[in-house]
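Colleague: got a predicted structure here, sequence first:
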Amino acid sequence: MSLDLDALSIRSVNGTALFQPLTLHIPAGDVVTVMGPSGVGKSTLLDAIGGHLTHGFHLSGTVHLNGRDVTDLPAEARRIGLMFQDALLFPHLSVGDNLSFGLPANLRGRAPRRAAVEEALSQAGLAGLYERDPATLSGGQRARAALMRTLLADPAALLLDEPFSKLDAGLRDEMREFTFARVKSRAVPTLMVTHDPDDAAAAGGPVIALKGLMAP
Amino acid sequence: MSHDGRLLRTAVLVVVGLGLIAPIAIGLWQTGRAAFGILPALGQDMVSLGPWHELADLPGFATSLRLTLVTGIGSTLLSLVLATGFCATVHARMNTSAGARMLTPFLAIPHAAMAVGLAFVLAPSGWIARMIAPHAGWDRPPDIATVSDGWGLALTLGLMIKEVPFLLLVILSALSQIPVARHMAAGRALGYGRGIVWIKMIMPQVWPLIRLPVWVVLAYGLSVVDMAIILGPSNPPTLAVAVTRWFSDPDPLMILPASAGAILQAVIVGLAVAMLMVAEAAVKRLGRWWIRRGGRGSSAEPGLWAASALVMALMAVGALAMVSLVVWSMAWRWSFPQLLPESWSLNPWSSAQDGWMRALSNTLLLAGATVGLSLGLAIAWLEGEDRARRSRAPWAEALIYLPLLIPQIGFLYGLNVGFLQIGLSGGITAVIWAQALFVFPYVMIALSDPWRALDPRMIRAAAALGAGPGRRLWAVKLPVLIRPILTAAAIGVAVSVAQYLPTLFMGAGRIATLTTEAVTLSSGSDRRVTGVYATLQAGLPFAAYLAAFLIPAILHRNRRALSGASAT
């Protein structure tokens, strides 16, 4: 399993490229960290890989996942998980229903699906919170629930968009440890963008600087 | 990738084009033809300026024109000044969402019901006169024309009671996008008084955000018919009312000058909006000069307080008007100087039961159909934008406002001609279609901001979890947006219930709604029966707003972020 970017570059509405073409090979289980000044287009890069690019941005180059070209697939067909600095749990669903939202449909039957969710909840220290309103969770609980939601969807790759930047300092170390342990045990290729060097250090993988092209 | 989105967007564009734009264009075209002498049905097929000469020669034409300009422009400018002054004084001191909730009854009540209530309050035998009577020693109603006065003062007042709350809401929502407190602190630190900071720093930022709604208010004030029939002078009436009468004159040839009047009405609105744009440019230049002079003059406060006091007085009269509807509908014996009826009865309700039941069911049918169609189209439009991941083009935004800026009287006659040609006239379908032209824009405007305020990353998260566009819409967006969707629906109900002219023209007088009945009854007959119709007319939108508040609170009672306990 691997995530491969080949000469990926993005041009904005007015035709200027955001950053120099990026070629990257991320093997399964590796976490590659992309760093760069704000405004260079780190989040846009993740949008492009995940299939969420807004109208007006133009993508060149390719994204391959496990050797398959996914560049023209819609986001929902790519199997690329996405984590933000906010948990973004769906506010109308219970914590458990949030997790089952992404559970693949080929896991059939009420009982096995519920069991899978309960198992994920207890792994994340959230046992017994299936019926809870996500708005009543603490920040750390929310972040863990969001990660488990992403992982339950069985992604073939993971994108992390400054995943720890909104957490308190104490919580941040705990969440880094929790996240990277889960990611490594799933052995999926992972790309993280951040401007916190501690994130990169905790991830332990290679660090790439995204260089802007626009004049300062 | 965007194939699905393109199909949806094309469908929306076709529906908007054929359903909304074409009727207005056809209506204007047909009315315009008649205005220049072409009316084949009556054997008129020569282009001529005859209808315009006839129009100018009609008795009372000049007075009607003057009345329209004075009441329409006067009520808009006064409302704008008062609403601005009120916001300047009160904004820092009040909870915006609580304030917006207090405005709801004033926004929900149809113009006609408010007009009926005001007539009850202002009339020589109304509540205000009854309050004065003991002090003035009146034992019979004084002999002054306080309603339908020749100056159009009652009409101006009525329009202001409806438009000030609307403008307050619009200004409050604009203010929520501006860091008012910080600008106020910065301005006052530089030595400017509170009122001057408001005028020099805050309003210039607010204006671009409220410009279009102000245009809508202006267009409405210049062309209103139902409220002008009830509160305005009757002989001669305002231009829009006169044109409505000429269209239904027994002499079919009156259609020619009536059409010329209808086109004139549209031109007046166009010119008034153009005048506002010129005024805006002038104020901008003048304001810049004034700001550069750097005068600190802190003397704006008394003016602002006066504006606030006037707004409170307007609201008090409006509230009194609403209460008077209910009181009159249940009054039995109520002789002059008494403040309350001497005896009460539900007789007005039971004796008119057949009539109001029929009008109520027609009104409900029309509201349900127009709101359903409008909501469906609005959601399809917004979802199409999402799927194409595009923001709205300026021309599309203008298209939404179009039906609100063109006076109804300007194209409804012509639209009826068009409907006749396709065999649709006089039926419920034609009325639904014509009403939807005005319901859709409000529903669309009400839903657009909350729809866009939905965090796009949440939708991306859903897509990353494998949810396709359909599931993202049905399982995420619609449930999360249930409150704004129902609020938009409630606004749609209020707009549909309030429609007068479209029902009158397209229903060929055969489709009676609460509004058409209330307007007809208001011109005389029994105040108690009028009170019944106007109470129902006001009650329907209230019920819709209440449902829009209660349903999400019940559905999402265990979801703190959505139940409304903390939100908005």
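Modeller: Nice, I can see it.

Colleague: in chain A, which residue sits closest to chain B?
Modeller: Ranked by Cβ to the nearest Cβ, the top residue of chain A for proximity to chain B is residue A:102, at 3.3 Å. For glycine as for every other residue, the C-beta is placed from the backbone atoms N, C-alpha and C.

Colleague: distance between stretch B:243-250 and the chain's centre?
Modeller: 24 Å (Cα atoms, centre = their mean, to the nearest Å).

Colleague: for it, buried residues please.
Modeller: Neighbour-count burial for stretch B:243-250, counted by 16 or more other Cβ atoms under 10 Å in any protein chain shown, picks out B:243-247.

Colleague: what's the answer for stretch A:182-189, then?
Modeller: A:182-184, A:186, A:188-189.

Colleague: of the residues you listed, just say which sits nearest to residue B:559.
Modeller: Distance to residue B:559 across those (Cβ to Cβ) is lowest for residue A:182, with 27.3 Å.

Colleague: which of the helices and strands in chain B ranks last by mean pLDDT?
Modeller: helix B:194-197 (a mean of 84; mean pLDDT, DSSP states H and E).

Colleague: mind listing what the residue nearest to residue B:437 when sequence neighbours are not counted touches?
Modeller: Once flanking residues are discounted, residue B:437 sits nearest to residue B:403: 4.8 Å by Cβ to Cβ, 6 or more residues apart in numbering or on different chains. Applying Cβ atoms under 8 Å, 6 or more residues apart in numbering or on different chains to residue B:403 gives the contacts B:20, B:24, B:437-438, B:440-441.

Colleague: for chain A, which residues are neighbours of chain B?
Modeller: On the criterion Cβ under 8 Å from any Cβ of the partner chain, chain B has as its neighbours in chain A the residues A:47, A:50-56, A:72-82, A:84, A:86, A:88, A:90-92, A:94, A:101-102, A:104, A:133-136, A:149-150, A:153, A:155, A:159.

Colleague: can you tell me which of those residues are in strands?
Modeller: Among the residues of chain A next to chain B, the members falling in strands (DSSP state E) are A:80-82, A:159.

Colleague: chain A: helices as residue ranges?
Modeller: Secondary structure of chain A by DSSP state H: the helices cover A:42-50, A:95-102, A:110-123, A:139-152, A:169-186, A:197-203.

Colleague: I'd like those helices as TSV, with mean pLDDT appended.
Modeller: Shown next, in TSV, are the helices of chain A (pLDDT from 0 to 100):
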stretch	mean pLDDT
helix A:42-50	93
helix A:95-102	95
helix A:110-123	96
helix A:139-152	95
helix A:169-186	91
helix A:197-203	92
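
Colleague: between the ones you listed, which gets nearest to residue B:433?
Modeller: helix A:95-102 (39.9 Å).

Colleague: how about stretch B:461-477: buried residues?
Modeller: By neighbour count with 16+ other Cβ under 10 Å, stretch B:461-477 contains the buried residues B:461-467, B:469, B:472-473, B:475-477.

Colleague: I meant stretch B:352-362, not that one.
Modeller: Across stretch B:352-362, burial judged by 16+ other Cβ under 10 Å covers B:352, B:356, B:359-360, B:362.

Colleague: state the number of residues packed around residue 213.
Modeller: By default, I'm working from chain A. The number of residues packed near residue A:213 is 13, by other Cβ atoms under 10 Å in any protein chain shown.

Colleague: you answered for a different chain; I wanted chain B.
Modeller: Counted with other Cβ under 10 Å, residue B:213 comes out at 20.

Colleague: nearest to residue B:210, of the ones in strands among the residues of chain A next to chain B?
Modeller: For these, the nearest to residue B:210 is residue A:82 (37.9 Å; Cβ to Cβ).

Colleague: and residue B:414, how far is that from chain A?
Modeller: 38 Å (Cβ to the nearest Cβ, to the nearest Å).

Colleague: also residue B:168?
Modeller: Distance from residue B:168 to chain A, counting by Cβ to the nearest Cβ: 30 Å.

Colleague: hang on, the earlier thing: ok, the buried residues of stretch B:352-362 vs chain A, which is closest?
Modeller: For the buried residues of stretch B:352-362, the minimum distance to chain A (Cβ to the nearest Cβ) is 34.3 Å, reached by residue B:360.

Colleague: what helix or strand is the closest one on?
Modeller: If you go by DSSP states H and E, residue B:360 is part of helix B:353-388.

Colleague: check what pLDDT residue B:338 gets.
Modeller: The model reports residue B:338 with a pLDDT of 89.

Colleague: can you measure across stretch A:15-30, start residue to end residue?
Modeller: The separation between the terminal residues of stretch A:15-30, taken as Cα to Cα, to the nearest Å, is 33 Å.

Colleague: now that stretch: mean pLDDT?
Modeller: For stretch A:15-30, mean pLDDT is 90.

Colleague: reformat the buried residues of stretch A:182-189 as JSON lines; add distance to residue B:150.
Modeller: Below are these laid out as JSON lines (distance: Cβ to Cβ, whole Å):
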{"residue": "A:182", "distance to residue B:150": "80"}
{"residue": "A:183", "distance to residue B:150": "80"}
{"residue": "A:184", "distance to residue B:150": "86"}
{"residue": "A:186", "distance to residue B:150": "82"}
{"residue": "A:188", "distance to residue B:150": "81"}
{"residue": "A:189", "distance to residue B:150": "82"}
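
Colleague: and which of the residues you listed is nearest to residue B:327?
Modeller: Closest to residue B:327 out of the buried residues of stretch A:182-189 is residue A:182 (67.7 Å), distances taken as Cβ to Cβ.

Colleague: can you give me the domain boundaries for chain B?
Modeller: For chain B, automatic domain parsing gives the domain ranges B:1-43+B:346-568, B:62-328.

Colleague: looking at the ones you listed, which is closest to residue A:116?
Modeller: The nearest among the domains of chain B, by Cβ to Cβ, is domain B:1-43+B:346-568 at 14.2 Å.

Colleague: figure out how far the closest one is from the centre of its chain.
Modeller: Centre-to-centre, domain B:1-43+B:346-568 and its host chain are 13 Å apart (Cα atoms, centre = their mean).

Colleague: just stretch B:301-317 next, same as before
Modeller: On the basis of Cα atoms, centre = their mean, stretch B:301-317 sits 22 Å off its chain's mean C-alpha point.

Colleague: buried set for stretch A:19-34?
Modeller: For stretch A:19-34, a neighbour-count test (16+ other Cβ under 10 Å) marks A:19, A:22, A:24, A:26, A:28-34 as buried.

Colleague: enumerate the residues of the stretch 51-200 of chain B near chain A.
Modeller: By the rule Cβ under 8 Å from any Cβ, no part of the stretch 51-200 of chain B lies against chain A.

Colleague: for chain A, what's the nearest residue on the stretch 51-200 of chain B?
Modeller: residue B:97 (18.3 Å).

Colleague: can I get the domains of chain B in TSV including distance to residue A:40?
Modeller: As requested, the domains of chain B are exported to TSV (distance: least, Cβ to Cβ, whole Å):
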stretch	distance to residue A:40
domain B:1-43+B:346-568	19
domain B:62-328	28
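
Colleague: any chance you could map the strands in the stretch 1-150 of chain B?
Modeller: Taking DSSP state E, counting those that start in this stretch to define them, one finds strands in the stretch 1-150 of chain B at B:38-39, B:44-45.

Colleague: make CSV from those and add distance to chain A, mean pLDDT and mean neighbour count to it.
Modeller: Converted to CSV, the strands of the stretch 1-150 of chain B look like this (distance: least, Cβ to the nearest Cβ, whole Å; pLDDT from 0 to 100; neighbours: other Cβ atoms under 10 Å in any protein chain shown):
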stretch, distance to chain A, mean pLDDT, mean neighbour count
strand B:38-39, 46, 92, 19
strand B:44-45, 50, 86, 14
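
Colleague: as TSV, those strands with distance to residue B:202 would be great.
Modeller: Formatted as TSV, the strands of the stretch 1-150 of chain B follow (distance: least, Cβ to Cβ, whole Å):
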stretch	distance to residue B:202
strand B:38-39	52
strand B:44-45	55
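
Colleague: skipping adjacent residues, who's closest to residue A:47 in space?
Modeller: Distances taken as Cβ to Cβ, 6+ apart place residue A:53 nearest to residue A:47, at 4.9 Å, with adjacent residues excluded.
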